[in-house]
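Novice: Kindly return the folded structure for what I paste below:
(chains A and B)
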Amino acid sequence: MTALLAARGLGKAYPGAGWRRGASRTVLTGIDLTISDGECVALIGRSGSGKSTLARLLMGLEAADVGAVLFRDRPLAGLDRGGLRAFRAAVQMVLQDPLSAVNPRHAVGRILAEPLRHLTDLPVTARTGRVGELLELVGLDPEAAGRLPGQLSGGQVQRIGLARALATRPALVVLDEAVSNLDAPRQVDILDRLATLRRERGTAFLLITHDVRLARRFADRVVVLSEGRIVDTSPCRPSLALSHPAARELIDAVLPVSPGDAS
Amino acid sequence: MSARVLRAEGLSVESWRDTRAGREAVLLVRDVSLEMRVGEVLALVGASGSGKSLACAALLDVLPPGTRRRGGRVLLDGAETEPAPLRGRVVASVLQAPRTAFNPLRTIADHAGETLAVAGSRGRVGRAAIGRALADVGLGDDPRVPGLYPFQMSGGMLQRAMIALALLSGAPFLVADEPTTDLDLVAQGRILDLLASLVRERGLGLLIVTHDLGVVARLADRVAVMEAGRIVEAGPAAALFADPREPTTRALLAAHRALHEVPA
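Specialist: Residues are numbered from 1 along each chain as shown, chains lettered A, B, ... in the order given. All right, here's what the predicted structure looks like:
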């Protein structure tokens, strides 16, 4: 396995805002993380631990203050136009709030065709067929292509976001709390679809979540983020072996399966 | 003399859409009955869009524009009452997204002042009550909390503050609509612990709306399962987990259990 995407000593701070201007806030410190082709890594941590900031840095949406993000061993900062296009096609992201991640005035078909137009060489005539395939891939009726996001349920729009991320046949998909807010049947459904995709296409995933259950069910290994640092890591099988207090706190927060169970 | 049982019977909620033939009513909640008892937790469970929140809104008489209650009645200790006067006196509520439930320009103490004005206390007595309520929800250690604005607080703190406001009203019943959905699991666990202790120690009667059967397993005495606007199954929580009868309940339970599995 080769390193698909890697963080080397990443650090990020945001300047203070409002009346406390000047006092900057460190969000990430010394992050080293490597994701290999076909690997599924879960990044877990509490709200405010820096998970989403790390995702933004890995996606190249923001620049780190220190360290570098490497895409197939080449720093993102040094990529030329063609290199960036290849990076964008290879690494895609699904966001937490599905409705705010799509243009409400665009039909689903147009939303899904957008990455095809910008990031692939697929001819215009082939795009419609591809959009239909993508919708089927996430378990939606190809007729949904003509609907507006507002006409679909939250779970359906989340699957549109997923289909859009898969449009370019990426090597890695970053899921930033993309399944956390769905109800259990929808969570299981989406995780199962992603597992199939992994088997069939070898797609790698970075699952960002605060829910240990999702991480344990889906990932090969878990990385724990706390106060901007990676504090613990463990493979998921045979069982999670995490000892850092921040990790234990997340594990202990998992609710019981049945009434009367001591979680 | 404080109320013991708050019961909603046969609540229905309708909306309407305009067609060429005129207005056509759409039933969103059909014949829903819920019974809250002091010292007990009733969980209302169902998938998104099954009508859980609307049923609660009908109980509290706070239905959103474009919907209206059609039929049903609310009984307090067996006597039929109007729902509106109960709000904030007999039944308090905690909402899903704490960040949108507070006025961003008002401090926590300002919000508490409004609640106290309804209860009729102010001044020193009121301030002492605010202090006690904040202490009850675990926000008592920091004396700055009453002066904080919502943006200065985390989601978990805001949800605690909202529960404190509910306690301040002195209402024996609390409706909590997805109170932990926006929180991470650690914050969620603490809020659920807090609610459980309020039920146990103060005899609060709690109706909690959730789509997470883990929350039900942690907290509920009784459960009602909703689908497509109806209650399809109801009963004691332990019985429902052990012997679910309806396909809806079974599907929810199967998915809930699958999330805890680790595929080999």
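
Novice: Residue in chain B with the shortest distance to chain A?
Specialist: Nearest to chain A in chain B, going by CB to the nearest CB, is residue B:214, at a distance of 3.0 Å. C-beta coordinates here come from the backbone N, C-alpha and C atoms, glycine included.

Novice: So that residue belongs to a helix, correct?
Specialist: Yes. Residue state for residue B:214 (DSSP: H, G, I helix; E, B strand; the rest coil) corresponds to a helix.

Novice: how about the helices of chain A, start to end?
Specialist: Here chain A has its helices, by DSSP state H, at A:51-58, A:81-90, A:108-119, A:124-137, A:154-166, A:184-201, A:212-218, A:245-252.

Novice: so how many other residues sit close to residue A:126?
Specialist: The local packing of residue A:126 (other CB atoms under 10 Å in any protein chain shown) involves 11 other residues.

Novice: how close does it get to chain B?
Specialist: Between residue A:126 and chain B the computed distance is 35 Å (CB to the nearest CB, to the nearest Å).

Novice: Surely residue B:103 touches residue B:113?
Specialist: No. Using CB atoms under 8 Å, residue B:103 is not in contact with residue B:113, being 11.7 Å away.

Novice: can you tell which of the helices of chain A is closest to residue B:224?
Specialist: Comparison of the helices of chain A against residue B:224 by CB to CB identifies helix A:184-201 as nearest, at 17.4 Å.

Novice: Enumerate the residues of the stretch 101-250 of chain A near chain B.
Specialist: Within the stretch 101-250 of chain A, the positions near chain B by CB under 8 Å from any CB of the partner chain are A:153-155, A:181-185, A:187-188, A:195, A:210-214, A:216-217, A:236-237, A:239, A:249-250.

Novice: and those residues, which are buried?
Specialist: Buried subset of those (neighbour count, 16 or more other CB atoms under 10 Å in any protein chain shown): A:154-155, A:181-185, A:187-188, A:210-214, A:216-217, A:236, A:250.

Novice: And the contacts of stretch B:144-155?
Specialist: A:47-48, B:98-99, B:102-109, B:112, B:130-131, B:134, B:139, B:157-158, B:161, B:182-183, B:187 (CB atoms under 8 Å, 6 or more residues apart in numbering or on different chains).

Novice: In chain A, which residue sits closest to chain B?
Specialist: Counting by CB to the nearest CB, chain A gets nearest chain B through residue A:255, at 3.0 Å.

Novice: Check what pLDDT that residue gets.
Specialist: Residue A:255 carries a pLDDT score of 92 in this model.

Novice: Report the contact partners of it.
Specialist: For residue A:255, the contacting residues are A:263, B:185, B:188, B:189, B:192, B:212, B:214, B:215, B:217, B:218, by CB under 8 Å, 6+ apart.

Novice: and the third one, that's in a helix?
Specialist: Looking back up the chat, that one is residue B:188. Yes. Counting by three-state DSSP, residue B:188 is part of a helix.

Novice: Check whether the helix or strand containing residue B:176 comes into contact with chain A.
Specialist: If you go by DSSP states H and E, residue B:176 is part of strand B:173-177. No. Using CB under 8 Å from any CB, strand B:173-177 stays clear of chain A, with a minimum separation of 14.7 Å.

Novice: Convert that strand to PDB, retaining C-alpha atoms only.
Specialist: Output in PDB follows, covering the C-alpha atoms of strand B:173-177 (Å, rounded to 0.1, in the frame of the first residue of the first chain):
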ATOM      1  CA  PHE B 173     -43.800  18.000  33.200                       C
ATOM      2  CA  LEU B 174     -41.100  18.500  30.500                       C
ATOM      3  CA  VAL B 175     -41.300  17.900  26.800                       C
ATOM      4  CA  ALA B 176     -37.800  17.400  25.400                       C
ATOM      5  CA  ASP B 177     -37.700  17.300  21.500                       C
END
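
Novice: pLDDT on that strand, on average?
Specialist: Per-residue pLDDT over strand B:173-177 has a mean of 95.

Novice: what comes into contact with that strand?
Specialist: Residues contacting strand B:173-177 (CB under 8 Å, 6+ apart): B:3, B:6, B:36, B:38, B:52-53, B:56, B:59-60, B:90-96, B:163, B:166, B:195, B:198, B:204-209.

Novice: can you tell me which of these are in strands?
Specialist: If you go by DSSP state E, these have B:6, B:36, B:91, B:92, B:93, B:94, B:205, B:206, B:207, B:208, B:209 in strands.

Novice: Hmm, residue B:171 and the third one touching each other?
Specialist: Read that as residue B:91. Yes. In this structure, residue B:91 is within contact of residue B:171 by CB under 8 Å, at 5.4 Å.

Novice: Give the full set of residues in contact with the closest residue to residue A:59 other than its chain neighbours.
Specialist: Excluding the flanking residues, the one nearest residue A:59 by CB to CB, 6 or more residues apart in numbering or on different chains is residue A:93, at 5.4 Å. With contact set as CB under 8 Å, 6+ apart, residue A:93 has these partners: A:55, A:59, A:165, A:173, A:174, A:175, A:176.

Novice: Quick check: pLDDT value at the last one.
Specialist: It refers to residue A:176. Predicted confidence (pLDDT) for residue A:176: 92.

Novice: need the contact list for it.
Specialist: Contact analysis of residue A:176 by CB under 8 Å, 6+ apart lists A:51, A:52, A:55, A:93, A:94, A:95, A:96, A:208.

Novice: And the residues you listed, which two are furthest apart?
Specialist: A:51 and A:94 (14.0 Å).

Novice: mind checking pLDDT for residue B:255?
Specialist: Residue B:255 is given a pLDDT of 93.

Novice: can you put the contacts of residue A:255 in JSON lines and add neighbour count?
Specialist: Formatted as JSON lines, those follow (neighbours: other CB atoms under 10 Å in any protein chain shown):
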{"residue": "A:263", "neighbour count": "13"}
{"residue": "B:185", "neighbour count": "25"}
{"residue": "B:188", "neighbour count": "24"}
{"residue": "B:189", "neighbour count": "21"}
{"residue": "B:192", "neighbour count": "22"}
{"residue": "B:212", "neighbour count": "20"}
{"residue": "B:214", "neighbour count": "25"}
{"residue": "B:215", "neighbour count": "26"}
{"residue": "B:217", "neighbour count": "22"}
{"residue": "B:218", "neighbour count": "23"}
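
Novice: okay if I get those as CSV plus distance to residue B:23 and pLDDT?
Specialist: Formatted as CSV, these follow (distance: CB to CB, whole Å; pLDDT from 0 to 100):
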residue, distance to residue B:23, pLDDT
A:263, 50, 48
B:185, 45, 89
B:188, 42, 89
B:189, 47, 90
B:192, 43, 94
B:212, 37, 91
B:214, 42, 94
B:215, 38, 95
B:217, 43, 95
B:218, 44, 95
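
Novice: between those, which is closest to residue B:123?
Specialist: Minimum distance to residue B:123 across the contacts of residue A:255 is 34.5 Å, recorded for residue B:192 (CB to CB).

Novice: residues touching that closest one, list them.
Specialist: A:255, B:180, B:215, B:218, B:219.

Novice: Looks to me like residue B:181 is in a strand.
Specialist: No. Applying three-state DSSP, one finds residue B:181 to be coil, outside a strand.

Novice: who are the neighbours in contact with residue A:234?
Specialist: Taking CB under 8 Å, 6+ apart, one finds A:221, A:222, A:240, A:241, A:242 in contact with residue A:234.

Novice: Burial check on the first one, number of neighbours?
Specialist: Using other CB under 10 Å as the criterion, residue A:221 is surrounded by 15 other residues.

Novice: Show me the shaky parts of the stretch 151-264 of chain B.
Specialist: B:264 (pLDDT under 70).

Novice: Cheers, nothing more for now.
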